[in-house]
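Asker: my questions concern the predicted model and sequence given below.
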Amino acid sequence: GAGRRPDVIRPGQGWTSDGTEIQVALLAPGATGQEQAEALRAIGAEATRRDAGLPAARRPVRIGTLPAKVAFTDAYEKVAEELRRPMWGLLGLGGDDVAPVGVDFAGSSPTFVVAGPPGSGRSTALASLAVSLLASGTRLVVLTPRESPLRALNGHPGVRLLASPSPTAQELAAALRGDEPRVVLVDDADLLILPEIDQDLRALVESGRDRGIGVVAGVTGETMAGAMGWLSALKRHRRGLLLDPQSVMEGDILGVRLTQAQLRNRRPGRGLTVDPRSGEPINVQIPETPLD
């Protein structure tokens, strides 16, 4: 009661800030943290055994833990068969269920940005998209104005590589020729802010969906913050992946407001994107590069 003295409070008892007396319930006999943790594990094991036959829709939502590292083959094995189709590319594993997260270039907005400072894993994320797109029958046009792991794709029958720091409109048009589903990947897009092909790239960003062409660019967050030319058109779609964001302002690239907690939680190989189902930011673990 209200008149009880603090010196006679028994273990597990206390008061809330408004003066309400509470008693903490125990999961099993034994009041130590270790005993209660063991009781919780036992309850979980029993519930798993009891509900093994329930359909997935009737089971509680599981919240998984993102791995510190994941191999591309391990991540791709988790991709459902219906997603292994042209124009769908794998980013990594993410969300509460640690499931495959990808980009659907056949959707309403066939554009994507991979933004982050040098060394943050932009090329690795692009490599994951590239290899998974090729595996599902998508042709690629790859622009690498400086040395990039994506140049390892040169010679693949489904790839047209433009390694020049200043590709011409004629070279891009020749690489894009054909009717197959295709995606243009640009690594180090900072070097192609206002190139000769600026209008051609802008046209792909704005109307590539009508031609069955997707566009994805690796670029620094700083460049995207003040995007010019074709990159400004790309930014307006507000779709992408943030790697090692340096400020809450970079959330504007995705059309979301970042929190200080999200900035503090950044780590190598992990990015932030928006779940297309919920519209909420989710963490994604990027697979180790499949081009080594």
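Answerer: Arrived safely, thanks for sending.
Asker: for the protein, longest helix please?
Answerer: Using DSSP state H, we find that the single longest helix of the chain is helix 33-50.
Asker: now do that one: which elements does it pack against?
Answerer: In terms of contacts (3 or more C-beta pairs under 8 Å, 6 or more residues apart in numbering; DSSP states H and E), helix 33-50 is packed against no helix or strand at all. C-beta here means a position set from N, CA and C on the backbone, and glycine is covered the same way.
Asker: state the pLDDT value of the closest residue to T65 other than its chain neighbours.
Answerer: The shortest distance from T65 to any non-neighbouring residue, by C-beta to C-beta, 6 or more residues apart in numbering, is to V98 (7.1 Å). pLDDT, V98: 90.
Asker: got the buried residues for stretch 209-228?
Answerer: Residues 209, 212-221, 223-224, 227 are the ones in stretch 209-228 that count as buried (16 or more other C-beta atoms under 10 Å).
Asker: quick one on the thing from earlier: settle this for me: the residue nearest to T65 is touching L66, isn't it.
Answerer: Yes. Counting by C-beta atoms under 8 Å, L66 is a contact partner of V98 at 6.0 Å.
Asker: more neighbours, those two?
Answerer: Taking neighbours as other C-beta atoms under 10 Å, V98 and L66 compare with V98 leading, 21 against 18.
Asker: how much space between the more buried one and P67?
Answerer: Distance, V98 to P67, using C-beta to C-beta, to the nearest Å: 8 Å.
Asker: now do E38
Answerer: Distance, E38 to P67, by C-beta to C-beta: 26 Å.
Asker: R139 bridge partners, please.
Answerer: For R139, the beta-bridge partners are R182 (DSSP bridges).
Asker: for burial, what's the neighbour tally of it?
Answerer: Using other C-beta under 10 Å, R139 has 21 neighbouring residues.
Asker: that one touches V184, doesn't it?
Answerer: No. With contact defined as C-beta under 8 Å, R139 and V184 do not form a contacting pair (10.1 Å).
Asker: circling back to that earlier point, could you point out which element follows the longest helix of the chain?
Answerer: Using DSSP states H and E, the helix or strand that follows helix 33-50 towards the C-terminus is helix 72-77.
Asker: then that following helix to CSV, C-alphas only?
Answerer: C-alpha atoms of helix 72-77 as CSV (Å, rounded to 0.1, in the frame of the first residue of the first chain):
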residue,chain,number,x,y,z
PHE,A,72,27.0,-13.8,-52.4
THR,A,73,26.2,-17.4,-53.0
ASP,A,74,24.6,-17.8,-49.5
ALA,A,75,22.5,-14.7,-50.0
TYR,A,76,21.4,-15.7,-53.5
GLU,A,77,20.3,-19.1,-52.4
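Asker: how about the longest helix of the chain as CSV, C-alpha atoms only?
Answerer: Taking C-alpha atoms only, helix 33-50 is exported to CSV below (Å, rounded to 0.1, in the frame of the first residue of the first chain):
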residue,chain,number,x,y,z
GLY,A,33,19.1,-13.3,-14.5
GLN,A,34,20.8,-16.6,-15.6
GLU,A,35,17.9,-18.7,-14.4
GLN,A,36,15.3,-16.5,-16.0
ALA,A,37,17.3,-16.5,-19.3
GLU,A,38,17.4,-20.3,-19.2
ALA,A,39,13.6,-20.4,-18.6
LEU,A,40,13.0,-18.1,-21.6
ARG,A,41,15.1,-20.4,-23.8
ALA,A,42,13.1,-23.4,-22.6
ILE,A,43,9.8,-21.7,-23.3
GLY,A,44,11.1,-20.8,-26.8
ALA,A,45,12.2,-24.4,-27.5
GLU,A,46,8.9,-25.8,-26.3
ALA,A,47,6.9,-23.3,-28.4
THR,A,48,8.9,-24.2,-31.5
ARG,A,49,8.3,-27.9,-31.0
ARG,A,50,4.6,-27.3,-30.2
